[in-house]
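Participant: Okay, predicted coordinates and the sequence, questions at the end:
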Amino acid sequence: MPTRRQERINARIVQLLANEFTLLSDPRLGFITVVRADVAPDMRDARVYVSIFGDESVQQRSMDTLEKLNGHMRKVLAHGLNMRITPRIHFILDRSAELMQHLSEVIREARTSDSDAAAAIQEAPQEQPKNNNTNTQKSSIRRFGDEPDESDSTDDRA
C-alpha cells in the first residue's frame, strides 16, 4: 500500500506528464492519456500507465516515441517535483479501456439476444395445462401446525 507521500508524488507525476503531453506537438504521438503513476517506495523508479487512442500501429509508434522522449519527460518531472532524486520513468501501455469496451459490447450482445428470446417466448402459443385431478386429491402430507383431520385420528383411548 503506497504511503501518503507516494500518493502525492503519483498524483503530481500524472498532472505534470498530462500537461506536458498537451503541450507537445509531436506528430508521432497519438492521443495519449496518463491513466496513473506508481512510484517505487525508494522514489527512484516510476511506472506511468498511459492509454493511447488508435489502432495497434499508432499505439506502438507512440510508445516508441515516448521511450525516445523519456529524457525530456524526466527533466519535466525534475523541475515539477523538486525532489533530490528524480524517478526514472517506465511507460506502460494500459489496455483497460479496450477491455472495458470489449466487455460492454459482449454485454450489449447478450442483452439483445435475451430480449429477442423473451419476445419469441411471448409470441409462441402457450399450452393449457392438462387436468390430472391433482387439485382434487387430498394431500397426505401434514405440516407442522396443521389441525389433524378426523381421518388422521389414531386415538386408541376408549
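Facilitator: Alright, I've got the coordinates. Numbering: from 1, shown residues only.
Participant: can you give me the offset of the longest helix that the chain contains from its chain's centre?
Facilitator: Longest among the helix segments of the chain by residue count, using DSSP state H, is helix 96-123. A distance of 17 Å separates the C-alpha centroid of helix 96-123 from that of its chain, computed with Cα atoms, centre = their mean, to the nearest Å.
Participant: Give me the buried stretch members for it, please.
Facilitator: By 16 or more other Cβ atoms under 10 Å, helix 96-123 has no buried positions at all. From N, CA and C alone the C-beta is placed, and that goes for glycine too.
Participant: go on, stretch 4-23?
Facilitator: Of the residues in stretch 4-23, those scored as buried under the neighbour-count criterion (16+ other Cβ under 10 Å) are Gln6, Ile9, Asn10, Arg12, Ile13, Val14, Leu16, Leu17, Glu20, Phe21.
Participant: Excluding covalently adjacent residues, which one is nearest to the first one?
Facilitator: Take Gln6 and drop its neighbours on the chain: the residue closest to it by Cβ to Cβ, 6 or more residues apart in numbering is Val39, 5.4 Å away.
Participant: Pull the number of nearby residues for that neighbour.
Facilitator: Under the neighbour criterion other Cβ atoms under 10 Å, Val39 is assigned a count of 24.
Participant: Show the backbone phi and psi for it.
Facilitator: In this entry, Val39 is assigned phi and psi values of phi -90, psi 140 (degrees, to the nearest 10).
Participant: pretty sure it contacts Asp45?
Facilitator: Yes - in this structure Val39 lies within contact range of Asp45 using Cβ atoms under 8 Å: 7.3 Å.
Participant: Give the residues shared as contacts by the two.
Facilitator: Between them, Val39 and Asp45 share the neighbouring residues Pro87, with contact defined by Cβ atoms under 8 Å, 6 or more residues apart in numbering.
Participant: so where do the helices sit in this protein?
Facilitator: Secondary structure of the chain, counting by DSSP H: helices at 4-23, 56-68, 70-81, 96-123.
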